[in-house]
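>>> Generate coordinates for the sequence data below:
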Amino acid sequence: MKAKLPDFDSLVKEVMSGEVSFERLKELSQKNLDLARLMAANPASPPELLEIMARRRDNIILANVTANPNTPTQVLCQLGKKFPVQFIKNPILPLLLLENPNFFQQIPLKTLPSLCDYILEHCYSEKGILKQEIYDGLAPAEVLQQLINSEDSMTRFTIARHPNTPLAFLEQLAKSKHQNARYGVAINLNTPLRLLEKLLVDKSFHVRSGVAENPNIPLKAIVQLANDPISEVSQSLFFNSQAPAQILDVLLKKFSQYGNGEAFIIWLASCYKVHPYILEKLSTSDILKVRIRIAANIKTPPETLNKMSQLPNEHRLVLREIAKNIATPSDVLQNLAEERRLTICEPARDNLRLGDEVKARWLGWKT
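Predicted coordinates for the structure are as follows:
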């Protein structure tokens, strides 16, 4: 940081007076960083100066410009992507909405996710409980309502599926004309059963498939979805952690007999979110490609990987994938590290060298 000027205090008084020419302010803003930061926060700074300062690389200057009610609207909306807190708390925002109820519709799409994340992650806790009751600027619920009304489908979907979205907004989104909003509500683990039951008969099979994935639906709904005329709906039950094994067995047999049955089973064996029962069931498949995918899947239960590694005459490609799988237990890797075949022992040894912390982060990222 540059040293303060000898007459710093007098310069502060000068720039805060509101009686300085634009050219003089522009000159002073380039002389000292601390002075520039104060000028960026000063509501008396002219919009033209704030627009210029918005090009600076100092985050404090940029944050202050974003919070400044005198900042030009276009600049404010662009900075909102990086500084959502200052954007939402800017006192000019309620006035902008009053003048233009469609103001949020004109915000750049790249800014909307930042606003959405801030509101849901910092203003609400899980299940939509407001963390604070008093906020500067717009109330969180008002911002959330504006975001729901946005033309951006990804923003609506993000709100619909987020665990912190309040029930009142889930109810609203469940009635949305946009199927991606209803789908987000369908897969939300905090969506109440009464809403899931309505979405269970939604006209969109995409929405019904979302309900099928939700582990909170009752057995009666699971049976109904298993008999849905659209195959994509019943297939989604493979990703429901509470689906009964008997129903999964019936569905697995049904889809494996289709013309593209083998390709479907191979794809299913690769999925991270598939029911663990399916991964265990497919681990003994006669199809080599299926067993290879199961061996490589980090969601395959450790005990299943252990059983696969001990099968007599198991194919080397399956053993190689088990050796590479970071979810494989250490004792299994140690056994594979003693293999004579280099394609198996080398990846097992490399896997053993990875620390538990590294593996945990990787597994978490892949979840």
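>>> ok, which stretches of the stretch 251-367 of the chain are helices?
261-270, 276-282, 288-296, 302-309, 316-324, 330-336, 342-353, 356-366 (DSSP state H, counting those that start in this stretch).
>>> so can I have CSV of these showing mean neighbour count, distance to residue 70 and mean pLDDT?
Placement of C-beta: from N, CA and C, glycine included. Shown next, in CSV, are the helices of the stretch 251-367 of the chain (neighbours: other C-beta atoms under 10 Å; distance: least, C-beta to C-beta, whole Å; pLDDT from 0 to 100):
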stretch, mean neighbour count, distance to residue 70, mean pLDDT
helix 261-270, 17, 55, 95
helix 276-282, 18, 58, 96
helix 288-296, 21, 57, 97
helix 302-309, 18, 60, 96
helix 316-324, 21, 58, 97
helix 330-336, 17, 61, 95
helix 342-353, 16, 58, 94
helix 356-366, 11, 43, 71
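>>> Just put those in CSV and tack on distance to residue 74.
Listed next are the helices of the stretch 251-367 of the chain as CSV, based on distance: least, C-beta to C-beta, whole Å:
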stretch, distance to residue 74
helix 261-270, 46
helix 276-282, 51
helix 288-296, 49
helix 302-309, 54
helix 316-324, 51
helix 330-336, 57
helix 342-353, 52
helix 356-366, 37
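>>> Of these, give the one that comes closest to residue 33.
Proximity to residue 33 (C-beta to C-beta) singles out helix 356-366 among the helices of the stretch 251-367 of the chain, at 37.1 Å.
>>> relative to helix 342-353, how tilted is the closest one?
100 degrees (axes from the mean of the first three to the mean of the last three C-alpha atoms, to 10 degrees).
>>> Other residues contacting helix 356-366?
Applying C-beta atoms under 8 Å, 6 or more residues apart in numbering, the contact partners of helix 356-366 are 272, 298, 326, 327.
>>> Of the residues you listed - the most surrounded one?
With neighbours taken as other C-beta atoms under 10 Å, the top of the contacts of helix 356-366 is residue 327, carrying 19 neighbours.
>>> Correct me if wrong: that one contacts residue 300.
Yes. Using C-beta atoms under 8 Å, residue 327 is in contact with residue 300, at 6.6 Å.
>>> Need the mean per-residue confidence for stretch 48-60.
Taken as a whole, stretch 48-60 carries a mean pLDDT of 93.
>>> What lies in contact with that stretch?
22, 25-26, 29, 33, 36-37, 39-40, 45, 61-62, 65, 68, 70-72, 75, 78-79.
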